[in-house]
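Q: my questions concern the predicted model and sequence given below.
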Amino acid sequence: MDAQIDDLRAKGIDPYLMYPGNVDPHTGERREVNEKFFGEWEWHSDMSYMPAPPTFSLLHSRRVPTEGGDTGFCSQVLAARTLPTELRAKVEGRGIKHDSTYSSNGIIRPGGPLPWSPHKWVRQRSHSR
């Protein structure tokens with residue numbers, strides 16, 4: 001891991017700060033968004049089962065593989081704003097339930113009450129009202 005940190009520093013990259021997105025923070029150039037950028041078939045939203053979900057997520061890597069392990073970030077606000085009209089009409093005002101009954105590897109979480117929070121399919125952020 002020290003070698004990876006040294007390698008990043010040698011390239012002028014802060015190893016402890018990542019700029020998610022497809023715009024290079026140093027050059028302003030847009031990176032291609034393709035299957036490599038969002039190559040995984042599965043995505044998730046962190047802790048959206050909570051009554052008041054977090055405003056943002058922070059990814060803190062303990063081990064960084066030399067290849068693979070790609071992570072993409074997306075704006076759910078932009079996704080909601082650009083929903084096709086037909087789909088928006090179908091989900092507007094409807095509820096959805098996301099709970100944490102199962103862990104990310106598909107195993108039922110042991111013990112205690114299971115948290116879940118029904119909420120609107122499209123939620124408005126409190127500071128944008």
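A: Here it is on my side, so go on. Residues are numbered from 1 along each chain as shown.

Q: do I have it right that His98 meets Ser48?
A: Yes. His98 is within contact range of Ser48, at 5.1 Å (criterion: Cβ atoms under 8 Å). Using the backbone N, CA and C atoms, a C-beta is placed for each residue, glycine as well.

Q: Gly68 versus Glu86, what's the distance?
A: Using Cβ to Cβ, to the nearest Å, Glu86 is found at 37 Å from Gly68.

Q: ok, now Pro51?
A: For Pro51, the distance to Gly68 (Cβ to Cβ) stands at 35 Å.

Q: of these two, give the one with the bigger neighbour count.
A: Just comparing Pro51 and Gly68: by other Cβ atoms under 10 Å the higher neighbour count belongs to Pro51, 9 against 6.

Q: helix or strand for that one, which one?
A: According to DSSP states H and E, Pro51 maps onto no helix or strand at all.

Q: now Thr55
A: Using DSSP H and E, no helix or strand contains Thr55.

Q: count of residues packed around it?
A: Neighbours of Thr55 using other Cβ under 10 Å come to 8.
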